[in-house]
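Q: Whatever this is, show me its structure:
(2 chains)
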There are 2 protein chains.
Amino acid sequence: MKNVTITFQPLDVRVSVPQGTTVLDAAMEAGVHINAACGGQGICGRCRVRLVSGTVDGAPGGLLAAQDIEDGFRLACGTRVQSDTAIALIHTSRLQVPPQELHAGRAEAPGPAPADLTIPPVRKVCVTIDSPSLTDTASDAARLMRALKQQHGFDALTLDPAVLHELPQAARAGRWRVTVLLEPHPCHSPAGNGAGPAPLLRIIRVEPGDTTPRAFAIAIDVGTTSLWGRLLDLRTGETKALASHYNPQIKYGDDVITRMVRAQKPGGREILRQSVLEGLNSIIDRLVNDAGIEPGCISHVIAAGNTVMSHLLLGLETRHIRQAPYTPVVNVFPPVSAQQAGLRLPAGIPLQLFPAVAAYVGGDIVAGVLASGLSTRPELCLFIDIGTNGEIVLGNRDWLMTASCSAGPAFEGGGLRCGMRAAPGAIERLHIDPETLEPMIITVGHAAARGICGSGAISILACFLTAGIIDQNGRFNTQCPTKRIRTGPDGREFVLSSREENGGEDVVITEPDISNLLRAKAAMFAGCQCLLEKASLQFNDLQQVIIAGAFGDFLNVREAVTIGLLPDIAPERFSFIGNASLLGAQLGCLSGAVLEAAERISRNMTNIELSDDSSFMDRYVAAMFLPHTDARLFPNAALPKARAGAAQ
Amino acid sequence: MKNVTITFQPLDVRVSVPQGTTVLDAAMEAGVHINAACGGQGICGRCRVRLVSGTVDGAPGGLLAAQDIEDGFRLACGTRVQSDTAIALIHTSRLQVPPQELHAGRAEAPGPAPADLTIPPVRKVCVTIDSPSLTDTASDAARLMRALKQQHGFDALTLDPAVLHELPQAARAGRWRVTVLLEPHPCHSPAGNGAGPAPLLRIIRVEPGDTTPRAFAIAIDVGTTSLWGRLLDLRTGETKALASHYNPQIKYGDDVITRMVRAQKPGGREILRQSVLEGLNSIIDRLVNDAGIEPGCISHVIAAGNTVMSHLLLGLETRHIRQAPYTPVVNVFPPVSAQQAGLRLPAGIPLQLFPAVAAYVGGDIVAGVLASGLSTRPELCLFIDIGTNGEIVLGNRDWLMTASCSAGPAFEGGGLRCGMRAAPGAIERLHIDPETLEPMIITVGHAAARGICGSGAISILACFLTAGIIDQNGRFNTQCPTKRIRTGPDGREFVLSSREENGGEDVVITEPDISNLLRAKAAMFAGCQCLLEKASLQFNDLQQVIIAGAFGDFLNVREAVTIGLLPDIAPERFSFIGNASLLGAQLGCLSGAVLEAAERISRNMTNIELSDDSSFMDRYVAAMFLPHTDARLFPNAALPKARAGAAQ
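A: Prediction:
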């Protein structure tokens, strides 16, 4: 078979593939990321590219308008190249790497008391070993253990066999002074009471000399959409570097369901594992370079992710998570070797994942609960993580209940025609002139508008509703005196920023986009209602509502209440925590007690399965209205401006 | 560079190597084993081969007589091939695989009481896991641990991460009935008192269904010269198969010193590790095939070897064992994955090595002490393992002292011109006609004489001494009325079996051979003396002398006393145990308590370092006489026949 060359513009990346290869496969081959939300099934229409030159065939797909096809647009998943071809990536198909430091200051949120932060989960201690002599012929290992007992009081010790390969040389190179990493080897009692024998300490690494002044750890948030990493100095708790990367698994699907579908295909699990590792290794490289440290100075890596992300990172079966009764392989993940797990780090450094609660309530939520201090507060709190899954936790220091409500990725920019993450150019806030209906947009980094991120979508919905551009069903009022409402390939759409205005492509929000947002907000709100109902509580009983999520900082509470995403309670009861999962992982890096608390939380949180709860469906349908079909729930909501001729 | 082809006869093995390659290197390349006792340094003269055809160059070496060189003999290590060449392997250079079952019946020696033999070190238990449901959404791992607690009372459990990859499938394939392997995760307290927290149990393997009726283990003796393996049925304790193999490391040197020298060369440690693994894997294949079982039925592998063999098997540094103060990396070896260690077994099966005492008192001796029951007996015992190292243990159930005395490999056939292991054709017993001085020889398997094994060497020495063929210094009496004494390349030698008699090569014993044997027996005897002296005891205080070693079964005590190898005490106090190391490993396979006892023994045994003991040197020199310079030590020894003209 003949090979052809594909050039991806504007990146100028070339790849040679057999004739007949799809553009999506070629892009994967080339390492060029195209957002294939449906995993390449040809049903989401998000992998649009533009044919610049060359011959292709394959069905253009019903998702493209005739004009689009004539303009050269194609779906990458269904288009097969027949000759040397040039393909232009367009903004809805290309992913953005998030900016380096996105409101990192927010991370100083309420957390465990500093008293807990004294002993990291992996300890780094320096000992002086007796040198061997004819009167002390004990083995190197025995003399090391003796020194650890005499100088640090550690009695219950085991030794990783790999350490034996380093010990003789390290001890002699350090002139009988070495630094060891000690990992607790806790017993996982199925009783879940945390009792049982005292944890053994396992010697997992040995280095010559005293390296304790250089002790670092990496906290990682393994998000479905974004990966975040933070390099911490264990002596001071300071952040030395922060880095992020989209989750490269996105090319195999936007949400955990499509990823699990992909994982079940032959070799799929390994492909997804390598994919997320690629992103994590890129983050680790960046952290280490930015901080100017040796990777060998890292003591441990603590990661928090949802249950599916955690399973895929470890290469575990997700088949049974996807299907009822939604059974993970494991919730309390044992520590693994970071290197053996595939991270580019020296041998002996452990990777510990935050424990999960259930199939759809993962370690990211447990980390978030810890970071928010929810589990130690006396007052009644609701914790909402507006991510792809939409997890909520209700409770206080005495009890915790949790549920996930499959909100979908709309509030992360997923499922929107021009959706994107909170990267430069993303519309994050909108204002509509009540007379002209002309939009004023604010973008991340104040760059030319290139798409819409989650906070922008909430702002758009609230402004459209208030201005009467959409009705309470989320449909456009075609009688509005604005030329910005037009009919596009997906139906009616509003041009937020035209190509003339931004010098790129039209940024629009479509009626299907609004439906997606409506569904997401309805799921979140119905989930909160159900969880409260299970506890015989009402929204007004909540003393704190803690919101986490990538857009936490931009979220306008008033607007979120306006559209019925958040409950209509006193604004001062809301607080924002930003990326709570990363913050929890960060606390876990600094304190072994945090990880122990995480395990207790994961065992003791009551998980409410909403997918099989008929009252959830009722409440979900009722919430598919702006702000809600039951107006009594939103007594303070501004009534939408009535306009003649609202869409029928 | 041109390649040439070398053919090894009579094996008819061909190998193509670059012109100029040594015959020894070519043999290694071809997998043909040539005994290079000095590691290829050209100083031992044991790698003799015969050139059949072809052109070679290189120094023939001072170790070959002119006649030998004319007859085509060469040293493989110094001979470089220049054309296609045929090389004949000769009996002193070719190694023998030991016979399948060499007095296995002997293995039923005194050991721990059967009461100890109830719980193997790795337990195999079957559990029924609750199937998941919407009311029981616990993870697979949590439900497994719950079942292990409810059905077996195991509370303190950890989980090998690798098990998580098997668990979902195994649980469902077994319809929620699985079998797990549980390995204790004991804490190695440096205090050595064995106290501390109760051992955790680690789940290291999971299989669908109930596989407990098929539970096997492999016991291995990693000898410097020979490897032995025994496949055991854990339900009955029965031996299902027995296999042995020479230790392929022999081609890198006869004893642990030359192997450690080789290990220090670049890449040497890995070469030696792969070499012993090759032999062990061959044994495992044979055991599994002979028993007709699946390798997956094996629960664990327990191996006993001396400290150097154990280090080399695990790929650990031996540099510091070789040099004073003789420091091993580790004595109490942590369990490792057999597969990761390089054994061809499924993942999850642990390999546990018997703990060592010191650099030259290894796990083989600890295993031997356990197998002999020495550590549980009330009476004073001396345990002698006449292997390459020559280890001795003195004590009873209350105290144990040990020493090694570097006897050298003479009693295993090493260092003798026609030395060989106790394989068919090895002279194992001799009788000399007192009148004609003609020898009557008994060989292993009654085959044509091909060499001399350890028990044969002792018999030869005793008979020669009694018949006056040698004097008390071990020198030939040239005035003896026999033509069998002649001058060979190494000086005077006695033809035990001529090529006319055996249809092969002359089997001789040389004066240097006898010197080697004298040194070996002197070291053993002086070691025993020193050890007794340290305990303020004498030979007559010994109530039992337990002899172990490959030739244990053939050893004639009277002859060993005659030459001064064993002390001159009542014959009924001697007992034989055969391969005590393998027997100890076998007991360790059957009972975790044995391994715990082994660890206690290894920590509590007092090691006496003889190499720096001046009294040892004095006693060694005094023992370099047959039977001893101090005749009072051997009151019952038959006086050697006085002959005129003993060598001056």
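Q: For stretch A:427-435, buried residues please.
A: Going by neighbour count (16 or more other Cβ atoms under 10 Å in any protein chain shown), the buried part of stretch A:427-435 is A:427-430, A:432. Just so you know, the C-beta spots here come from the backbone N, C-alpha and C atoms, and that holds for glycine as well.
Q: okay if I get those as a markdown table plus secondary structure?
A: Converted to a markdown table, the buried residues of stretch A:427-435 look like this (DSSP: H, G, I helix; E, B strand; the rest coil):
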| residue | secondary structure |
| --- | --- |
| A:Ile427 | strand |
| A:Glu428 | strand |
| A:Arg429 | strand |
| A:Leu430 | strand |
| A:Ile432 | strand |
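Q: now, the most widely separated pair of those?
A: A:Glu428 and A:Ile432 (15.2 Å; Cβ to Cβ).
Q: Can you report how many residues lie near the residue of the stretch 451-600 of chain A found nearest chain B?
A: For the stretch 451-600 of chain A, the residue closest to chain B is A:Glu599, as judged by Cβ to the nearest Cβ, at 11.7 Å. By other Cβ atoms under 10 Å in any protein chain shown, 19 other residues sit near A:Glu599.
Q: Over to the one 3 residues further on?
A: Residues lying near A:Ser602 (other Cβ under 10 Å) number 25.
Q: same thing with A:Thr436?
A: 9.
Q: any idea how far the most centrally placed residue in chain A is from A:Glu599?
A: The C-alpha lying nearest the average C-alpha coordinate of chain A belongs to A:Gly223 (Cα atoms, centre = their mean; 1.9 Å). Distance of A:Gly223 to A:Glu599, given as Cβ to Cβ, to the nearest Å: 22 Å.
Q: go on, A:Thr211?
A: 29 Å.
Q: and A:Ile384, how far is that from A:Arg421?
A: 19 Å.
Q: swap that for A:Leu565, please
A: 19 Å.
Q: Neighbour count: those two, which is higher?
A: Higher neighbour count among A:Leu565 and A:Arg421: A:Leu565, with 29 against 25, using other Cβ under 10 Å.
Q: Pretty sure the more buried one sits against A:Leu518.
A: No - using Cβ atoms under 8 Å, A:Leu565 is not in contact with A:Leu518, being 10.0 Å away.
Q: Phi first, then psi, for A:Phe625.
A: phi -150, psi 150 (degrees, to the nearest 10).
Q: And the pLDDT at it?
A: pLDDT, A:Phe625: 94.
Q: Next, count neighbours for it.
A: A:Phe625: 17 neighbours (other Cβ under 10 Å).
Q: Show me what from the stretch 301-450 of chain A comes close to chain B.
A: The stretch 301-450 of chain A has residues A:314-317, A:319-320, A:324-336, A:356, A:358-359 near chain B, with proximity defined as Cβ under 8 Å from any Cβ of the partner chain.
Q: For PyMOL, what selects the buried ones among the residues you listed?
A: Buried residues within these, by 16+ other Cβ under 10 Å, are selected in PyMOL with:
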select buried, chain A and resi 314+315+316+317+319+320+326+327+328+329+330+331+332+333+334+335+336+356+358+359
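Q: Out of the residues of the stretch 301-450 of chain A next to chain B, list just those in strands.
A: Using DSSP state E, the subset of those located in strands is A:Val336.
Q: Setting the sequence-adjacent residues aside, check what's closest to whichever residue of the stretch 351-500 of chain A sits closest to chain B.
A: Nearest to chain B, among the residues of the stretch 351-500 of chain A, is A:Ala358, at 5.5 Å (Cβ to the nearest Cβ). Once flanking residues are discounted, A:Ala358 sits nearest to A:Asn607: 4.1 Å by Cβ to Cβ, 6 or more residues apart in numbering or on different chains.
Q: for the one you found, what are its contacts?
A: A:Asn607 sits next to A:357-358, A:361, A:401-403, B:137 when contact means Cβ atoms under 8 Å, 6 or more residues apart in numbering or on different chains.
Q: again with A:Leu159
A: With Cβ under 8 Å, 6+ apart, A:Leu159 has these contacts: A:141, A:145, A:202-203, B:188, B:330, B:334.
Q: for it, phi and psi?
A: Dihedral angles (degrees, to the nearest 10) for A:Leu159: phi -140, psi 130.
Q: Return the distance of it relative to A:Val127.
A: Counting by Cβ to Cβ - A:Leu159 and A:Val127 are separated by 14 Å.
Q: Find residues that contact each of those two.
A: By Cβ under 8 Å, 6+ apart, no residue touches both A:Leu159 and A:Val127.
Q: shaky segments in the stretch 201-350 of chain A?
A: By pLDDT under 70, the stretch 201-350 of chain A has no low-scoring segment.
Q: where do the helices sit along it?
A: A:256-264, A:268-291, A:307-314, A:319-322, A:338-341 (DSSP state H, counting those that start in this stretch).
Q: what sits up against the first one?
A: Where contact means Cβ under 8 Å, 6+ apart, the residues beyond helix A:256-264 that reach it are A:37-39, A:224, A:249, A:252-253, A:268-269, A:271-272, A:306, A:308-309, A:312, A:318-319, A:321-322, A:388-389.
Q: on that earlier part again, next, the contact list for the residue of the stretch 351-500 of chain A closest to chain B, please.
A: Counted by Cβ under 8 Å, 6+ apart, A:Ala358 has contacts A:307, A:326, A:328, A:331, A:402, A:607, A:609, B:137.
Q: Now with 10 Å, please.
A: Residues in contact with A:Ala358 (Cβ atoms under 10 Å, 6 or more residues apart in numbering or on different chains) are A:307, A:321, A:326-328, A:331, A:365, A:402-404, A:602, A:605-609, B:137-139.
Q: try A:Gln274
A: Neighbours of A:Gln274 in contact, by Cβ under 10 Å, 6+ apart: A:248-249, A:315, A:342.
Q: Check A:Cys381 too.
A: Applying Cβ under 10 Å, 6+ apart, the residues near A:Cys381 are A:369, A:372-375, A:393-397, A:400, A:542-546, A:573, A:575.
Q: 8 Å instead, please
A: A:372, A:374, A:394-396, A:542-546.
Q: how about A:Asn473, secondary structure?
A: A:Asn473 - assigned by three-state DSSP - is coil.
Q: what's the distance between A:Arg558 and A:Pro635?
A: 14 Å.
Q: Who are the contact partners of the closest residue to A:Thr436 other than its chain neighbours?
A: Once flanking residues are discounted, A:Thr436 sits nearest to A:Thr482: 7.6 Å by Cβ to Cβ, 6+ apart. By Cβ under 8 Å, 6+ apart, the residues touching A:Thr482 are A:436-438, A:469.
Q: and if you look at A:Gly564?
A: A:Gly564 neighbours (Cβ under 8 Å, 6+ apart): A:521-522, A:525, A:623, A:625-628, A:633-634, A:637.
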